[in-house]
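1. one predicted model, sequence on top.
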Amino acid sequence: DAKTTQPPSMDCAEGRAANLPCNHSTISGNEYVYWYRQIHSQGPQYIIHGLKNNETNEMASLIITEDRKSSTLILPHATLRDTAVYYCIVRVAGSSNTGKLIFGQGTTLQVKP
Amino acid sequence: DAGVTQSPTHLIKTRGQQVTLRCSPKSGHDTVSWYQQALGQGPQFIFQYYEEEERQRGNFPDRFSGHQFPNYSSELNVNALLLGDSALYLCASSFGTGNTGELFFGEGSRLTVL
């Protein structure tokens, strides 16, 4: 699985959009980009995933560059409850390693009032 | 619909002891994975169980073993505990081994080894 690079920390004002970048320059054609977050003392929570196209759900939007070497997770209106560590993960889908995610250090997002 | 449940939530052991952690997957899920998360670090994959067999294993010694039962629940066993085994142990469930679905994580079992 390809490795990812994320900034260690970011701040965002409450109510504003939070844009979290992720670099995955060695991503392969069959690898998906996943985003999870972990609020303090809780288990990680799935946010969104995508292959090529931009994706949106009730939690966030995922923008993947055309060359797929980087992506951005967008929280459109950040709240204090969005303060968490955000992990960008690249993983091959449709194989026998569905349960295996390789977590990096992630980005600690601090949403401030 | 119950999510992933883990027990116990906290426990304290001493070096050399053995520990068993338990996990019930989300309803409808048949695959269970275990992760270890040391303080300040991201979770690290230990192993994955499907159809009562270990299917994938991370870089963990044989002191770490597991089991999956017919009802898909799972246990993680750690023998000969070391101080470095102190961590949050997370269980995650999913359906099948080859889909693109997300993992659902439990709240974890926090193990302290003294």
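-> Structure received. Residues are numbered from 1 along each chain as shown, chains lettered A, B, ... in the order given.

2. just the helices in chain A please.
-> Counting by DSSP state H, chain A has no helices to list.

3. ok, the nearest residue to residue A:11 once chain neighbours are set aside to chain B distance?
-> What sits nearest to residue A:11 in space, not counting adjacent residues and going by Cβ to Cβ, 6 or more residues apart in numbering or on different chains, is residue A:110, at 5.0 Å. Quick note: C-beta positions are derived from backbone N, CA and C, even for glycine. As defined by Cβ to the nearest Cβ, to the nearest Å, residue A:110 lies at a distance of 16 Å from chain B.

4. mind listing what residue A:110 touches?
-> Under the criterion of Cβ atoms under 8 Å, 6 or more residues apart in numbering or on different chains, the neighbours of residue A:110 are A:9-12, A:83.

5. near chain A, which residues of chain B?
-> Counting by Cβ under 8 Å from any Cβ of the partner chain, the residues of chain B close to chain A are B:4, B:31-33, B:41-45, B:48, B:50, B:55-56, B:58, B:90, B:92, B:94, B:96-108.

6. what do you get if the cut-off is 6 Å, keeping everything else the same?
-> Residues of chain B found near chain A (Cβ under 6 Å from any Cβ of the partner chain) are B:31, B:33, B:42-43, B:45, B:48, B:55-56, B:90, B:94, B:97-98, B:100, B:102, B:105-108.

7. before we move on, the earlier item: dump the contacts of residue A:110 into CSV; add distance to residue A:92 and neighbour count as well.
-> Output for the contacts of residue A:110, formatted as CSV (distance: Cβ to Cβ, whole Å; neighbours: other Cβ atoms under 10 Å in any protein chain shown):
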residue, distance to residue A:92, neighbour count
A:9, 29, 11
A:10, 28, 16
A:11, 33, 11
A:12, 31, 19
A:83, 31, 19
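
8. count the neighbours of residue B:10 for me.
-> If you count neighbours by other Cβ atoms under 10 Å in any protein chain shown, residue B:10 ends up with 10.

9. ok so residue B:84 is a helix residue?
-> Yes - applying DSSP: H, G, I helix; E, B strand; the rest coil, one finds residue B:84 inside a helix.

10. next one, pLDDT for it please.
-> As predicted, residue B:84 sits at a pLDDT of 97.

11. and if you look at residue A:94?
-> 60.

12. next one: residue A:100
-> For residue A:100, pLDDT reads 81.

13. isn't it up against residue B:58?
-> No - Residue A:100 is beyond contact range of residue B:58, at 7.3 Å (criterion: Cβ atoms under 6 Å).

14. residues that sit against both of these two, list them.
-> Taking Cβ atoms under 6 Å, 6 or more residues apart in numbering or on different chains as the criterion, residue A:100 and residue B:58 both touch residue B:45.

15. okay, those two: which has more neighbours?
-> The neighbour comparison of residue A:100 against residue B:58 (other Cβ under 10 Å) goes to residue A:100, with 22 against 16.

16. residues in contact with that one?
-> Residues counted as contacts of residue A:100 (Cβ under 6 Å, 6+ apart) are B:45, B:56.

17. and the gap between it and residue B:5?
-> Separation of residue A:100 from residue B:5 (Cβ to Cβ, to the nearest Å): 22 Å.

18. now residue A:55
-> Residue A:55 sits 29 Å away from residue B:5, taking Cβ to Cβ as the criterion.
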